[in-house]
Structures are given as C-alpha cells and as structure tokens.
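Colleague: here is a sequence together with a model predicted from it:
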Amino acid sequence: MAMNIRSGSGAGDPEVMMDINTTPLIDVMLVLLVMLIITIPIQLHSVNLDMPVGTPPTNSIKPEKIQIDIDENSVVYWQGQAVSAEQLEAKMASIGQLVSQPEVHIRPNKASQYAVFANVLSTSKRKGLTKMAVIGSEQFVQ
C-alpha cells in the first residue's frame, strides 16, 4: 500500500490519504492471464473419421413403405383404407415383430387434431417401430 501525505492549508495536522496501489495487482493479473492463454490446448474443429475405402454395396431390395394418412377430420388411413385405433395398433404390432421392418410414413393434414397424430406416434413407439418419417411437414411452416 502506498501512503500519500500532503500538507494541509496551514492547519496543525496534515491530511493523510491512503490509496491502494493497483499497478502490482494489474501486473500479477496480466501474468496469470498470459499463463492461462499459453496453457490452454489448441482446439481443432475437425473430427477424424476412418471411412471405408471403395464403393458401397448396392441394396437391390427396396424397403417396403407403409403410408399412414390423417385427414382433416382426424380419420387415420393405413395404406389408403380407414382404420380404427385398435386396428392400427394390431397392424403396427404385426410389423413391429418383423426382422426387417418397413418404413412407416405418416402424413398428417394441417387441419387434423394433434391428439390423433400424437396417438399414432406413441402407438408406433410402444409397438417397437424404428423406421418412422413424418411426410409433408412443410405445410405447418408459416
């Protein structure tokens, strides 16, 4: 700490002023900052992948696609035929047991109830379907 003593305006005791000398504090902080910057490892924004060499094998078998539509009245269609919730569950359970599951494409209408769409999604998850896609979602963008 530094102490600055200056004479008063002719009074008996001089006024004592005590200020903290911040120069050594700033010097120490700058040294610590430089040490921190030096010790931080260089971050690379790349991911090294070992990709296979050659051409990928061609898949001659096209996966089966199942289309589930939900119209504006919230009626569910399986491959173009209207189905009830129980029939939908039974059909999803039957394809959920297959080794090679087909792709299930769900296409809801913008005017349909969200509860029906959420029910179709939750049923597919419960029945173990893994290849799901929502088709026509661009109609929901405003």
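Modeller: Good, I have the coordinates.

Colleague: need the helix or strand of the chain with the lowest average pLDDT.
Modeller: strand 2-6 (a mean of 57; mean pLDDT, DSSP states H and E).

Colleague: can I get the helix or strand following that one in PDB, CA atoms only?
Modeller: Following strand 2-6 in sequence order, the next helix or strand is strand 15-19 (DSSP states H and E). Extracted in PDB, the C-alpha atoms of strand 15-19 (Å, rounded to 0.1, in the frame of the first residue of the first chain):
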ATOM      1  CA  GLU A  15      -4.400  15.300   5.900                       C
ATOM      2  CA  VAL A  16      -3.500  11.600   5.400                       C
ATOM      3  CA  MET A  17      -4.700  10.000   2.200                       C
ATOM      4  CA  MET A  18      -4.400   6.200   1.800                       C
ATOM      5  CA  ASP A  19      -5.000   4.700  -1.700                       C
END
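
Colleague: pull the distance from the helix or strand hosting Ile37 to the chain's centre.
Modeller: Assigned by DSSP H and E, Ile37 falls within helix 23-39. Remark: helix 23-39 is offset 37 Å from the chain centroid, using CA atoms, centre = their mean, to the nearest Å.

Colleague: for stretch 60-77, same thing?
Modeller: 27 Å.

Colleague: check which residues of that stretch are buried.
Modeller: For stretch 60-77, burial by neighbour count (16 or more other CB atoms under 10 Å) applies to 66, 68-70, 74, 76. For every residue, glycine as well, the C-beta is placed using N, CA and C.

Colleague: tell me which of the residues you listed has the lowest pLDDT.
Modeller: Among the buried residues of stretch 60-77, Ser74 carries the lowest pLDDT, at 87.

Colleague: I'd say that residue and Val116 touch.
Modeller: Yes: with contact defined as CB atoms under 8 Å, Ser74 counts as touching Val116 (4.4 Å).

Colleague: ranges for the strands of this structure?
Modeller: Secondary structure of the chain, counting by DSSP state E: strands at 2-6, 15-19, 65-70, 76-78, 81-83, 103-108, 132-134.

Colleague: so which of those strands comes closest to Gly54?
Modeller: Gly54 lies closest to strand 103-108 among these, at 26.8 Å (CB to CB).
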